[in-house]
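Visitor: structure of the sequence below:
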Amino acid sequence: MSETPTVLTPTVAIIGGGPAGLSAATTLARAVDGEVLVLDREPEAGGIPRHADHPGYGIRDRKRFMSGPAYARALVADATRAGARIMTQAMVTGWSDERTVLVTTPQGRVQVRPEVFLFATGARERPRTARMVPGGRPGGVLTTGQLQNLVHLNHERVGARAVVVGAELVSWSAVMTLSEAGCRTEALISQNPKGESYWLFRVPGALWFRTRVQTSSRVVRIHGKQQVTGVEVENTATGRRRVIACDTVVFTGDWIADHELLRMAGIELDAASSSPVVDTAMRTSKDGVFAVGNLNHPVETADVVALEGEFVAARIVEYLRGKGRAGATVPLAVDGPIRWISPSVYAPAGPEPARKRLVAWVDRFIPRPVVTVTQGGQQLARRQLLWPAAPGRAFRIPSSMLHGVTEGGGEVRIAVH
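Guide: Now for the predicted structure:
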C-alpha cells in the first residue's frame, strides 16, 4: 500500500523560485499571516541568473550592477530573512484537485493546498526539435540555458567554434558564456533584417567578440554525426546557401511560457503566447490563482520581473484581505504586427498594471511606432512612442492609453503602425 502524502497548507504557495517568485515571496512573507512557501525544482533557488555568470542584473530593482549568481543569492537571502520557506528539488507534477498540487521531492511525495497560488514558472527557449531544423543528431546542439548550465554550474567545456541561432539579448549572453569557455562564436544567425538586440549590445558586441550578425538568414540543416561539423545557412532574400564550419550550435530566444501546470488546471491561456490570460492585477481565470513574470510575457529582464513580483504580492495581500476581488474587466485584442499583449484583460476600475505598462511582442521592426487604442470602433488614444518596436524584445506601451476604456463600450483593440 502506498504512503499517504504529507499535506502542506501554506497561506500562499509560489511555484517557481526565480526573480519574480522570490521577490514576491519576500514582500508576502513580511505582510501575511501564515506561511509563504516557494517550490522550486532546481537544487538551489534563484532561477536563470544562477547560471548567467555575467554582469547586468539588479539595475532597476536594486539600483546596483550585479552578476547573475550574486543577484540570485541576494534574492534568496532576502526571501529567507523575510520568513519565506524555500523548498528546492520540489517538482510540481500535477493537481490532485482544484486547490491542491502534487509535489515530488527527494524525501517523498507532498500535496500543497494553499489559500492562494502564485505561478512564477517563467519561460523557456524552444530547442532545435521544436524549430524543426533537419539534419543528424550530433552532440554539441544546445539552448542558452543548457550551455550556461554546462559552463557555469557544471564547469564543463564546450567546443571551439560555435554558431548562435538568434540575435536577441539572450543570444549575446550565450556569446559571452561561449567566450568564457574558450569557444569562438563564428556568427549569430537572425531571420530578421537586422539583429533584434539593442544597438548598445549589437555593435560593440560584434567588435568585442570578433563575430558578426548574419541577418535575413536561417539555419536549414545541421551537419555531423557524432559531433556537429557545421550548419547550413540560407539567405532568405536570395535563397543562396553556405555551410559555416563549427562544432557547437546554440539555439537562443524564441520563447514559450512554462504553462503546462496551468493548462492542466483548465486555466485560460493566450493562443499566441501560451501564457495565462491575466488582468491588470495578474489574476488568472481561476479564482485565487495569480501568475507573474515571464510566464505572462516571454520575456522581460530579471529586474523587471522582480519588480512585478513586488507588485503581485501587494495584489495578493489585497485578495487575502477581501479587497482584491475581480471587478468588471474588458478583454484586449491586438492587430498585427503585435503578436500578443500582457495583461490581456483590462480593469477600468483598477489597478493599473505593474510599472503602468503593457508588455507586447511584435513581429517586425518599427523605428517610430504609433500606437492606437480603439473601443467599439472609436479611437480613444493615439501616441507616437519614443522607443522602437522590434522583434525579439519586449515592446512596452503606457497603460495610460487605456484610461478611456469603459465597461460595455465594445471591443478594445490595440495596434501599432
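Visitor: in the stretch 151-300 of the chain, which spans are strands?
Guide: According to DSSP state E, counting those that start in this stretch, the stretch 151-300 of the chain carries its strands in the segments 161-165, 184-189, 213-214, 217-224, 228-235, 241-245, 248-251, 255-257, 289-291.
Visitor: same question, the stretch 301-417 of the chain
Guide: Per DSSP E, counting those that start in this stretch, the stretch 301-417 of the chain has strands spanning 330-334, 338-342, 345-346, 357-362, 370-375, 378-384, 395-398, 412-416. These are given in chain order.
Visitor: dump those strands into a markdown table; add mean pLDDT, distance to His51 and mean neighbour count as well.
Guide: The way it works is simple: take the backbone N, C-alpha and C, and place the C-beta from them, glycine included. As requested, the strands of the stretch 301-417 of the chain are exported to a markdown table (pLDDT from 0 to 100; distance: least, Cβ to Cβ, whole Å; neighbours: other Cβ atoms under 10 Å):
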| stretch | mean pLDDT | distance to His51 | mean neighbour count |
| --- | --- | --- | --- |
| strand 330-334 | 97 | 34 | 17 |
| strand 338-342 | 98 | 26 | 21 |
| strand 345-346 | 96 | 34 | 22 |
| strand 357-362 | 98 | 25 | 22 |
| strand 370-375 | 98 | 36 | 19 |
| strand 378-384 | 98 | 39 | 13 |
| strand 395-398 | 98 | 27 | 20 |
| strand 412-416 | 98 | 35 | 19 |
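Visitor: could you measure from the residue nearest the centre of the chain over to Ser274?
Guide: Within the chain, the residue whose C-alpha comes closest to the C-alpha centroid is Asn294; the distance, by Cα atoms, centre = their mean, is 2.9 Å. According to Cβ to Cβ, to the nearest Å, Asn294 stands 12 Å off from Ser274.
Visitor: burial measure for the residue nearest to Glu318 when sequence neighbours are not counted, as a count.
Guide: Taking Cβ to Cβ, 6 or more residues apart in numbering, and ignoring the residues beside it in sequence, Glu318 has Gly324 as its nearest neighbour in space, at 3.2 Å. Taking other Cβ atoms under 10 Å as the neighbour definition, Gly324 ends up with a count of 17.
Visitor: Gly324 contacts Phe290, doesn't it?
Guide: No: look at Gly324 against Phe290 with Cβ atoms under 8 Å: they stay out of range, at 9.7 Å.
Visitor: what's the overlap in contacts for these two?
Guide: Contact with both Gly324 and Phe290 is made by residues Ala281, Arg315, Ile316, according to Cβ atoms under 8 Å, 6 or more residues apart in numbering.
Visitor: restricted to helices, list those.
Guide: Among the shared contacts of Gly324 and Phe290, the ones falling in helices (DSSP state H) are Arg315, Ile316.
Visitor: what would the shared contacts of Gly324 and Phe290 look like in CSV with distance to Pro298, neighbour count and pLDDT?
Guide: Output for the shared contacts of Gly324 and Phe290, formatted as CSV (distance: Cβ to Cβ, whole Å; neighbours: other Cβ atoms under 10 Å; pLDDT from 0 to 100):
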residue, distance to Pro298, neighbour count, pLDDT
Ala281, 20, 26, 97
Arg315, 21, 22, 98
Ile316, 22, 30, 98
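Visitor: what's the closest of the shared contacts of Gly324 and Phe290 to Met91?
Guide: When the shared contacts of Gly324 and Phe290 are compared for distance to Met91 (Cβ to Cβ), Ile316 comes out closest, at 23.4 Å.
Visitor: the helix or strand encompassing Thr129 packs against which elements?
Guide: Secondary structure assignment for Thr129, by DSSP states H and E: helix 128-131. Applying 3 or more Cβ pairs under 8 Å, 6 or more residues apart in numbering; DSSP states H and E, one finds that helix 128-131 contacts strand 248-251.
Visitor: tell me what the strand it packs on is packed against?
Guide: Strand 248-251 makes packing contacts with helix 128-131, strand 141-143, helix 144-148, strand 161-165, helix 169-180, strand 228-235 when contacts are defined by 3+ Cβ pairs under 8 Å, 6+ apart.
Visitor: okay, these, which one's buried deepest?
Guide: strand 161-165 (a mean of 26; mean count of other Cβ atoms under 10 Å).
Visitor: C-alpha coordinates for that one, PDB please?
Guide: Taking Å, rounded to 0.1, in the frame of the first residue of the first chain, the C-alpha atoms of strand 161-165 are listed here in PDB:
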ATOM      1  CA  ARG A 161      33.800  27.200 -32.700                       C
ATOM      2  CA  ALA A 162      30.100  28.000 -32.300                       C
ATOM      3  CA  VAL A 163      27.100  29.300 -34.300                       C
ATOM      4  CA  VAL A 164      24.400  31.100 -32.300                       C
ATOM      5  CA  VAL A 165      20.900  30.900 -33.700                       C
END
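Visitor: excluding chain neighbours, give the residue nearest to Ile286 in space.
Guide: Not quite, residue 286 is Lys, not Ile. Once flanking residues are discounted, Lys286 sits nearest to Ile267: 5.0 Å by Cβ to Cβ, 6+ apart.
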